[in-house]
Every structure is written in C-alpha cells, then in structure tokens.
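1. structure for this input, please:
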Amino acid sequence: MKLPHLSGLHRQRSALLERIEQRREQIHDLGQDCRRHGRAWARTPTALTQAFLAGFLLDQARPLLPHETSPLKLAVVLGVRRLETLVRGVL
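-> Just a heads-up that it's a prediction; the model follows:
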C-alpha cells in the first residue's frame, strides 16, 4: 500500500536535493571566479592591500547577516564583480 504523503515527501526531498546541487555548482563557480580574480590581483602592486581589504569587508559584514550566513554566501549575494568594484573604489 502506497501512502500519499510519502510521495509528497519524496518530491520535497528531490526538490531540496536539486537546490543543494545548484548551490554546490554556484559555489564551485564562485571559487573559480575568486581564483581568477586572485591571480589578477596578484599581478597588481596593491594586491596584498586589496586582499586584506576584501577580507576585512567580509568580516565586518558578517554580523549584519543571519548567523548561518558565511562570508562565501555574502560574496555570492554581492557578486564577485560588485565586491571587486567596491574594493577597488575604496583603494
């Protein structure tokens, strides 16, 4: 006998697993972007300053976010390019 509520739970579980996989792909893509931007910053004379400032901005923004939000999620929300623009604008 198949219970109707189990099929609903199975659909919810499948949808959740799909969202998790999408997040993994987004985080992987973000990691690739960070490595690419990191290499670009390393070629500039202010690379170390920019790296410290980016870390500082992420640390300062952390208390403003929900407890479970990480700096990586903040970078995803802001977008790497917007964060880079912010950092370059401050320098």
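2. can you pull the pLDDT of A42?
-> According to the prediction, A42 has pLDDT 56.
3. same deal with F56?
-> pLDDT recorded at F56 is 69.
4. number of residues surrounding L30?
-> Residues contacting L30 under the criterion other C-beta atoms under 10 Å number 16. C-beta coordinates here come from the backbone N, C-alpha and C atoms, glycine included.
5. state the helix or strand in which it lies.
-> Using DSSP states H and E, L30 sits within helix 4-42.
6. could you say what helices and strands that helix packs with?
-> Counting contacts by 3 or more C-beta pairs under 8 Å, 6 or more residues apart in numbering; DSSP states H and E, helix 4-42 packs against helix 47-61, helix 71-78, helix 80-90.
7. how does it look with 6 Å?
-> Counting contacts by 3 or more C-beta pairs under 6 Å, 6 or more residues apart in numbering; DSSP states H and E, helix 4-42 is packed against no other helix or strand.
8. for the protein, which spans come out with low pLDDT?
-> Low-confidence segments of the chain, defined by pLDDT under 70: 1-6, 34, 37-91.
9. 80 instead, please
-> 1-10, 26-91 (pLDDT under 80).
10. and the gap between R11 and Q26?
-> R11 sits 23 Å away from Q26, going by C-beta to C-beta, to the nearest Å.
11. distance of H28 from R35?
-> Per C-beta to C-beta, H28 is found 11 Å from R35.
12. correction: the previous question concerned S14.
-> Distance from S14 to R35, by C-beta to C-beta: 32 Å.
13. equivalent analysis for A15, please.
-> 31 Å.
14. Q26 too?
-> As judged by C-beta to C-beta, Q26 and R35 stand 15 Å apart.
15. and I27, how many residues sit next to it?
-> I27: 14 neighbours (other C-beta under 10 Å).
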